[in-house]
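Engineer: Need a 3D model of the sequence below.
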Amino acid sequence: MLRCDISKQLPGFRLEVRLEAGRGVQALFGPSGSGKSLTLQCLAGLVRPDTGLIEVGGRPVFAADRGVDLPPQRRQVGYVFQNYALFPHLTVKENVAYGLHRLPRPQREARVAEALAAMRLAGLQNRRPAELSGGQQQRVALARALVTRPKLLLLDEPFAALDSIIRGRLHRELLELLDEAPVTTLLVTHSLDEAYALSREIAVFEAGRVLQHGPRDEVFYHPSCKSVARFMGMKNFIPGLVAAVTEQYTRVDGPGFTLWGPPAACRPGQAVECCIRPEHVLLVRKDRAGEGPGPLEARLDGVIVQEVTYGGYVQLLWRAAGPAHPDMPDLHVTLPTHVYRRLGVAGQARWSVALKADFIHLLPAEPDRTEWTRAGAD
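Structural biologist: Next up is the predicted model:
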């Protein structure tokens, strides 16, 4: 169990972080320079916070008001750096055993053998880091971090230097290993796919603060603000004003049309933004265009103005047609390549889109960025 409530002032940057984490992997996600790695350094005892409290396994390892500041070796924290930080002159076995010098030799040997077997490093114990692949070096670094049986494991972008094939395999291996280890794990990453695949919870960082922290699906599908929504891959933000709220839906007057969203803590007349993921903007099949919209569904006519293919999927940019929706933003649409081909999108520019209530997330509009008003929609 981890409890962290700290602040640290650096030239031009202030870190203010409150986190609680239990067993399992928690991802610290956000752009470079947002304070993720600095947070790990504070937890490990490599950087001293100015104020606050850090508890690991219920034990304070830093408490500014009580003068507690345990050195790294006494915090029961394992740390895997981005470059692994292996000692090049030591063998695999010696690297793994480095933090166990206080144990009796038989106990140390048994612990190292157990760690090597768990990390599938048996047979490599006499090699040096330069003789290992990137994936093998990472497993050595993990073994060295886990062999001390820490209560907190810190992983600072451990997959950044690996190619996609090795990274995918090690994702699976790491999940298997950590599922058996009763350790709280914080994973720093700027990859949303990695954060979602490996974590149970996600903490989203921006400019030294945690914007949102919670179960990964809650953060991914129900972001607390527009910044988190953008970080979670939402690209479509349609401005509107709440017209009605019921137990079944929220009706929103959009820029020249009506939208429906799920029930939300909104009030009539409130300015909101309707957030929709690109994969949830649906192209209406040509053979069903005359059927009309379904319940709690908005339909708009428009044209595709841009296409970019990424192998397995296609990114489209759709624009509303005609003068009826002058303030309607262009919509990003993501289609799997096989769906793109089956619909025959390449041969036709004009498409209607369907926006369904189940796929819309409502956020209060940010006052300084809201450009659309009711007058503009009338």
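Engineer: Run a quick neighbour tally on the residue nearest to Arg277 when sequence neighbours are not counted.
Structural biologist: Of all residues not flanking Arg277 in the chain, Met234 sits nearest, at 5.5 Å (Cβ to Cβ, 6 or more residues apart in numbering). No exception for glycine: its C-beta is placed from N, CA and C like everyone else's. Per other Cβ atoms under 10 Å, the neighbour tally for Met234 reads 22.
Engineer: and what of Pro182?
Structural biologist: Neighbour tally, Pro182, other Cβ under 10 Å: 9.
Engineer: who's in contact with it?
Structural biologist: Going by Cβ atoms under 8 Å, 6 or more residues apart in numbering, Pro182 touches Arg23.
Engineer: Give me the residues contacting the strand or helix carrying Arg230.
Structural biologist: Per DSSP states H and E, Arg230 falls inside helix 226-231. With contact meaning Cβ under 8 Å, 6+ apart, helix 226-231 is reached by 29-31, 192, 204, 206, 211-212, 219, 223, 237, 273, 275, 361, 363, 366, 369.
Engineer: Narrow the residues you listed to those in helices?
Structural biologist: Among those, the ones falling in helices (DSSP state H) are Leu192, Val219.
Engineer: List only buried entries from the contacts of helix 226-231.
Structural biologist: Among the contacts of helix 226-231, those scoring as buried are 29-30, 204, 206, 211-212, 219, 223, 237, 273, 275, 361, 363 (criterion: 16 or more other Cβ atoms under 10 Å).
Engineer: ok, so of these, who is nearest Ala118?
Structural biologist: Phe29 (27.1 Å; Cβ to Cβ).
Engineer: centre of the chain versus the helix holding Arg230, how much separation?
Structural biologist: Mean-position distance between helix 226-231 and its chain equals 11 Å (Cα atoms, centre = their mean, to the nearest Å).
Engineer: Alpha carbons of it, in PDB - could you do that?
Structural biologist: What follows is helix 226-231, C-alpha atoms only, in PDB (Å, rounded to 0.1, in the frame of the first residue of the first chain):
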ATOM      1  CA  LYS A 226     -11.000  18.300 -21.200                       C
ATOM      2  CA  SER A 227      -7.300  17.800 -20.700                       C
ATOM      3  CA  VAL A 228      -7.800  14.300 -19.400                       C
ATOM      4  CA  ALA A 229     -10.200  13.600 -22.300                       C
ATOM      5  CA  ARG A 230      -7.500  14.600 -24.800                       C
ATOM      6  CA  PHE A 231      -4.900  12.500 -23.100                       C
END
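Engineer: Could you list the buried residues of it?
Structural biologist: In helix 226-231, counting by 16+ other Cβ under 10 Å, buried: Lys226, Ser227, Val228, Ala229, Phe231.
Engineer: can you pull out the helices in this structure?
Structural biologist: 36-44, 92-97, 105-118, 134-146, 164-180, 192-198, 216-221, 226-231, 337-343, 374-377.
Engineer: Who are the packing partners of the third one?
Structural biologist: Helices and strands touching helix 105-118, by 3 or more Cβ pairs under 8 Å, 6 or more residues apart in numbering; DSSP states H and E, are helix 92-97, helix 134-146.
Engineer: check contacts around the closest residue in space to Thr246 that isn't next to it in sequence.
Structural biologist: Using Cβ to Cβ, 6+ apart and skipping residues adjacent in sequence, the residue nearest Thr246 is Pro263, 6.9 Å away. Counting by Cβ under 8 Å, 6+ apart, Pro263 touches Val245, Thr246, Glu247, Gln248, Tyr249, Thr250.
Engineer: where does the stretch 101-250 of the chain have low pLDDT?
Structural biologist: Residues of the stretch 101-250 of the chain meeting the criterion pLDDT under 70: 161-164, 180-181.
Engineer: Is Gln315 in contact with Thr337, as I believe?
Structural biologist: No: using Cβ atoms under 8 Å, Gln315 is not in contact with Thr337, being 10.9 Å away.
Engineer: which neighbours do these two share?
Structural biologist: Residues touching both Gln315 and Thr337 (Cβ under 8 Å, 6+ apart): Thr309.
Engineer: since we're on the closest residue to Ala145 other than its chain neighbours, how many residues are nearby?
Structural biologist: Distance criterion Cβ to Cβ, 6+ apart; nearest residue to Ala145, sequence neighbours excluded, is Gly78 at 3.3 Å. Residues lying near Gly78 (other Cβ under 10 Å) number 24.
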